[in-house]
Every structure is written in C-alpha cells, then in structure tokens.
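Colleague: Fold the following.
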Amino acid sequence: MVNLSKAECSISSWYPIFVKDSLDTEILPIPEDVLKYLESDPFILPVEVTDNKISHLKWEDGSSVNDDSQDDSEAQPTFPEFSKKIQDVIDDFGAVFIKSNWRTPSDAIWVTATKTLKCTSLEDIYLLLKSSNKIARDITVAKELLDDTKIQSCLVLKKWRDINPSTEFRCFVIKKELVGICQRDVSQYHQYIENEKYNIQTDIISLFRERIKNRFKLDNYSFDVIRYKKDKVKIIDFGLLDESATKGTLFTYSELHNSITNPPEFRFIAEDMGIQPNTSNHFIVPREINEFFSSNDPDSMIDMIRRAVENQQIE
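Modeller: Now for the predicted structure:
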C-alpha cells in the first residue's frame, strides 16, 4: 500500500488532475536508453550538448576542435529525439525548473554556473540529471513501482518563476482534513507572513476545500503551495505524510497526529531571531569545484571538464 501511495504523489499521477491549479509544467517520460545512460558510471555528456559547445572552437593552428573529436564522439551517447523535446520546452518557457517524479536535483546544484535549479540549456539539464543522487534514487523507485502502478520515470520541466520564499507553504492533511499549514522557509522571519497571516490561511483553506480535498486520492498526505497574491494560490507538489515531510518545518510528525486541537493550525516564525541555517546549503561540494565557482570564472562546467580531458591527453 505504501508503494501505491508513493505512486499517487508522482507528479505524473496528480498533475493531469490539478493542471489548472498548478504552475505551467511539461512532463516528459524518460526513454529507456536515457535511463541506462543516467544509471551508468561514466560522466559523459550527450552529443547534443557537446556539439553545440565544441563546433565553434578552434585550435591554435586554426583547425576545428570538432574534427579532432570525431573518433571520440562515437563513444558519446546521443538522444536526439528526447533532447529536442527538452529544447522545445526551454524555447517555449525561456527557462525551466527541473525535477523527476518526486524530487528535485537539489543535491547537484553545485555543477551549474548559477548554483540554482534554473536551467536555460540542455547542458544545465543533463549536468543536473547526471550528477544528482536524488534523481538516481527516484529512477530506482519508479522501476520498483512500474509493474504494479505503471508509473514511469519522467523529467518534469516547470516554467521558471522567481519565487519569494515568504510565499511558499507546506500543508498537512490527515484523514482528508487539513490539520496544519507552515511557512516553507524556516530559516528566517518574514514580516509579510505576519502581516498577511489571516488572508494566507483563508486562501489556502479555500484551495484545499474547493480544489484538493475531494480530488486527491490519498487520505493522509502533504502538499506545497505558493500564494503569490491575494486569492492566487498554486500547487507546487504533493508528498507522503511521514517523518520526511515534517523535516525542516515547524511541526513534528507526532504533533500533527496528536496535538492539533483546532485545525488547521498555522505556524510561522513570528519574530526576527536572526538568520538560521538553511539546509539547502548543507550539501557537500568538492573543494576544487567550490574554488572554481568562487573564482568567478566565466566558463561553464563543461568547459572545465573539457580542459581537464585535454590536459590528460597532452600528458
């Protein structure tokens, strides 16, 4: 039953139902050959990425770098149809935020030039997918669920939006009743939340009762929303109601089940206590990579990797 619940929280399951209540999103099933590539050990980017980067480069004698790379390109993976679908979405949205069925590759943001999940190129997307352990684990889970639920691994491309962290909230549902609402960013005090607390709570309750309660299939779950203006609340994600859902929030799992007397209870940081640790900054970055980004080098990650390969060949 846990597996079936996990399947309901896959964005491929819930987004078609809540498309009008969610941010603009495209969901691309990941083909089998791409899955094998993501699960393989060698860190080689597809031809579609490197061709765009190398085609304009010249060696000192004026010859094309691409000419010398033809023999190596045979060993490079290539996914022209899948890459074109991704590029079409990027062209349409301008910039995208990516995730898999359940999670984002937040553990791999150190590979991107911006150190965010904002992607504007195929390079950004393949670097994140190939570098993230979270994505790898999601692929494994999807495989385990495939026979019973028909859930496929997918690449989710959401239209990029600069989101003020004070507008994000996590909500908790037990026995189909909304029992708790919490600010998503608990690293700091947001005066906006305190000023708008009653309107925020009212808007989220309305969304839940009118659009979610009788449409989402599980009895117990969490969901994230963005309330970017009055009467405008959008669904970001759904998740299982377990210890991981309450981690990093102002509720404990036990409190939600046993201590809420007047639901839904709205919790937020009500006074400025200084900057608190932000868990998104706790992922370990290799020292060399951190020094690379700290140097303000304008080159991209792929440029650095290519230089390292060229130096190895010279040696």
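
Colleague: rest of the way, CA atoms for contacts and neighbours
Modeller: Will do.

Colleague: Where does pLDDT dip in this structure?
Modeller: 1-2, 52-74, 273-315 (pLDDT under 70).

Colleague: That one: helices as residue ranges?
Modeller: 2-8, 11-18, 32-39, 47-54, 65-68, 70-73, 80-93, 122-131, 133-149, 191-207, 243-246, 253-258, 287-294, 301-314 (DSSP state H).

Colleague: Of those helices, flag the one that's most buried.
Modeller: helix 122-131 (a mean of 21; mean count of other Cα atoms under 10 Å).

Colleague: Show the contacting residues for the nearest residue to P77 once chain neighbours are set aside.
Modeller: Leaving aside its chain neighbours, P77 sits nearest to P46 (4.9 Å; criterion: Cα to Cα, 6 or more residues apart in numbering). Going by Cα atoms under 8 Å, 6 or more residues apart in numbering, P46 touches Q76, P77, T78, F79.

Colleague: ok, now how distant is the second one from I98?
Modeller: The one in question is P77. 21 Å (Cα to Cα, to the nearest Å).

Colleague: Those two: who's more crowded?
Modeller: I98 (25 against 15; other Cα atoms under 10 Å).

Colleague: bridging residues for the more buried one?
Modeller: L157 (DSSP bridges).

Colleague: So it is in contact with L117, correct?
Modeller: Yes: assessed by Cα atoms under 8 Å, I98 is found in contact with L117 at 6.7 Å.

Colleague: what is in contact with the two at once?
Modeller: With Cα under 8 Å, 6+ apart, I98 and L117 have common neighbours P105.

Colleague: Counting neighbours, what do you get for D162?
Modeller: The burial count for D162: 6, using other Cα under 10 Å.

Colleague: And it, how far from F97?
Modeller: 10 Å.

Colleague: shared neighbours of these two, anything?
Modeller: With Cα under 8 Å, 6+ apart, D162 and F97 have no common neighbours.

Colleague: residue closest to the middle of the protein?
Modeller: What sits nearest the mean C-alpha location of the chain, by Cα atoms, centre = their mean, is T104, with 2.5 Å.

Colleague: In contact with that residue, which residues?
Modeller: I98, K134, I135.

Colleague: Specify which member of those residues is nearest to Q201.
Modeller: I98 (28.4 Å; Cα to Cα).

Colleague: what's the spacing between the closest one and Y228?
Modeller: Distance from I98 to Y228, by Cα to Cα: 20 Å.
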